[in-house]
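>>> below: sequence and its predicted model.
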Amino acid sequence: METSIQRPKALVLLSGGLDSLLATRIILDQDVDVEAVHFITPFYKGDCDSVSRFSRDFGIKLHVVFLGQEFLDIVANPPHGYGSQMNPCIDCRILMFRKAKELANKIGASFLVTGEVLDERPFSQRLRAMQLIEREAGLEGKILRPLSAKLLPPTEAERMGWVNREKLLAIRGKRRTPQIKLAAKYGIKNYPTPSGGCLLNDPAFARRVRDHLEHEGRLTLKDAILLMIGRHFRINGVKIIVGRNMDENNRLLAIAEQNQIPYLVVKEYKGPITLIMGETNPNIIEKAAAITVRYSDAPKNIPVNVLYRRKNGESEVTAIALNDEQINRLRI
Ligand code: SF4
C-alpha cells in the first residue's frame, strides 16, 4: 500500500452495522480522504441499500465486493476453525482483508479502517485473533480501529501523523452503550441491529451447512443457494428439500428443471415442490412423497397421489402424510 503521499486515503470496511458506521464517521473527522468497501457473501443477508444510503450520506465512494467460491471454500475447510456455529470468522476476515488490501492498492489508499471493537466478539475480536488476522493478511500496522485505537498499539496511520490518535476512542467489550451514545451524538439513525447478518451464525442454518459438508465434503454456489431455500430433510443419505411458499416453489422448480433434479408434487391439491437430491430407491421416494403430502393441502389421513417427475418421464406414487414425530426425525 502507498505510504509516501500528501493527503492520505483510508479505505473503510463498511459492513453497515453501527460499529463500522461510527468508525467511518470518526475517520471522516480526520484530515484524510475516505472510500469504503462493502463485502457480500452468499450467506450474508444484510441490507445493501442501507450501506449505499449511509455512503451517500457520508459523501464517500462505495465499492461492493462479492466473495463467492473463495469464501465457500473457507466455510468448508477453515484453517482456523469455526466460531460458535459454522462461522469461520478468522479466515473470513483474513480473506476480506486480503481483498481490501488489493482494492486499497488499486485506489491508492494507505491504510484500512474497521469498526472492530476489542473483545466485542469472542472469536475474531480478541487482541491475539486481530493480530493473527492482520499478520496473515499481510497488513501488520495498517489497520486502524478508531473505536478501540487507544487500547491498541499505534498503527502506521497514527505514527505517521495521518490521523490524530487523540481523536480516537478506547471502547472495549460487548456493552453497546458507548456506541449507542455516539450514534446519537453523530445523528446516525436507522442502523441495522447487530443480529441481522451472516446466516452462518444461526444455529438452524449452521446445522444444514454441517449436514451438507458431512455428506458432500464441499460447498458450491449452487449448494449455497439451495441451503437457503425450503425445509431440509435427509432420508438414508438423500437430501430432500421442500418449498415453504410460492416463491420458494417457483425457485425450486426452476432449479430442478435446469439441473435435471427429480422432484415431487401432489397431484390433486395445492402443495410444495419437493426436490430429491441423490441416489433414490422406491422407499426414499415414498417417504419424500409422504413429507410432500404433509406440507400440502391434501387430507392427512388418507393415501394421496403424488407425481414423481424426473428427466426420463413421470410416474405416480401414493403416500399418507408423515406425522410430526416422523417428520422431526428426518428433519435437518
Ligand atoms: S460472521 Fe460471517 S461474514 Fe462475518 S466474519 Fe464471520 S463468517 Fe465472515
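That came through fine. Just so we're clear, the structure is a prediction, and the values are computed from it rather than from any experiment. Residues are numbered from 1 along each chain as shown.
>>> what are the C-alpha coordinates of stretch 40-55, in CSV please?
Coordinates of the C-alpha atoms in stretch 40-55 are reproduced here as CSV (Å, rounded to 0.1, in the frame of the first residue of the first chain):
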residue,chain,number,x,y,z
ILE,A,40,-21.2,-9.6,0.4
THR,A,41,-21.1,-13.3,0.8
PRO,A,42,-23.7,-15.9,-0.3
PHE,A,43,-24.8,-16.2,3.4
TYR,A,44,-24.9,-12.6,4.2
LYS,A,45,-28.4,-11.4,4.5
GLY,A,46,-27.5,-7.8,5.2
ASP,A,47,-29.0,-4.6,3.9
CYS,A,48,-27.0,-3.3,0.8
ASP,A,49,-29.5,-0.5,0.4
SER,A,50,-28.8,0.9,3.8
VAL,A,51,-25.0,0.7,3.2
SER,A,52,-25.4,2.6,0.0
ARG,A,53,-27.6,5.2,1.7
PHE,A,54,-25.1,5.7,4.5
SER,A,55,-22.2,6.0,2.0
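>>> quick check, distance from it to the centre of its chain.
Averaging C-alpha positions (C-alpha atoms, centre = their mean, to the nearest Å) puts stretch 40-55 11 Å from its chain's average.
>>> quick one, strands of the stretch 51-200 of the chain?
Using DSSP state E, counting those that start in this stretch, the strands of the stretch 51-200 of the chain run over residues 61-66, 111-113, 143-144.
>>> which strands and helices sit next to the second one?
So that's strand 111-113. strand 9-13, helix 18-28, helix 89-107, strand 143-144 (3 or more C-beta pairs under 8 Å, 6 or more residues apart in numbering; DSSP states H and E). All C-beta spots, glycine's among them, are computed from the backbone N, C-alpha and C.
>>> which bits of this structure sit near the ligand?
By the rule C-beta under 6 Å from any ligand atom, the part of the chain lying against the ligand is 41, 44, 87-89, 92-93, 198, 200-201.
>>> quick one: which of the strands of the stretch 51-200 of the chain is nearest A321?
Taking C-beta to C-beta, strand 61-66 is the member of those nearest to A321, at 40.7 Å.
>>> that closest one pairs with which strands, parallel or anti?
Looking at strand 61-66 with DSSP bridges, its partner strands are strand 33-40 (parallel).
>>> keeping just the C-alphas, turn stretch 106-126 into PDB.
Below are the C-alpha coordinates for stretch 106-126, written out as PDB (Å, rounded to 0.1, in the frame of the first residue of the first chain):
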ATOM      1  CA  LYS A 106      -5.700   0.000  -6.700                       C
ATOM      2  CA  ILE A 107      -7.300   3.200  -5.300                       C
ATOM      3  CA  GLY A 108      -4.200   4.400  -3.600                       C
ATOM      4  CA  ALA A 109      -5.400   4.000   0.000                       C
ATOM      5  CA  SER A 110      -2.600   4.000   2.600                       C
ATOM      6  CA  PHE A 111      -4.500   2.200   5.400                       C
ATOM      7  CA  LEU A 112      -7.600   0.300   6.200                       C
ATOM      8  CA  VAL A 113     -10.200   1.300   8.800                       C
ATOM      9  CA  THR A 114     -12.700  -1.100  10.500                       C
ATOM     10  CA  GLY A 115     -15.400  -0.800  13.200                       C
ATOM     11  CA  GLU A 116     -13.900  -3.700  15.200                       C
ATOM     12  CA  VAL A 117     -14.100  -3.300  18.900                       C
ATOM     13  CA  LEU A 118     -11.600  -5.000  21.200                       C
ATOM     14  CA  ASP A 119     -13.200  -8.000  23.000                       C
ATOM     15  CA  GLU A 120     -16.700  -7.400  21.400                       C
ATOM     16  CA  ARG A 121     -16.700 -10.800  19.800                       C
ATOM     17  CA  PRO A 122     -15.100 -13.800  21.400                       C
ATOM     18  CA  PHE A 123     -13.800 -15.500  18.300                       C
ATOM     19  CA  SER A 124     -12.400 -12.800  16.000                       C
ATOM     20  CA  GLN A 125     -12.100  -9.600  18.000                       C
ATOM     21  CA  ARG A 126      -9.700 -10.700  20.800                       C
END
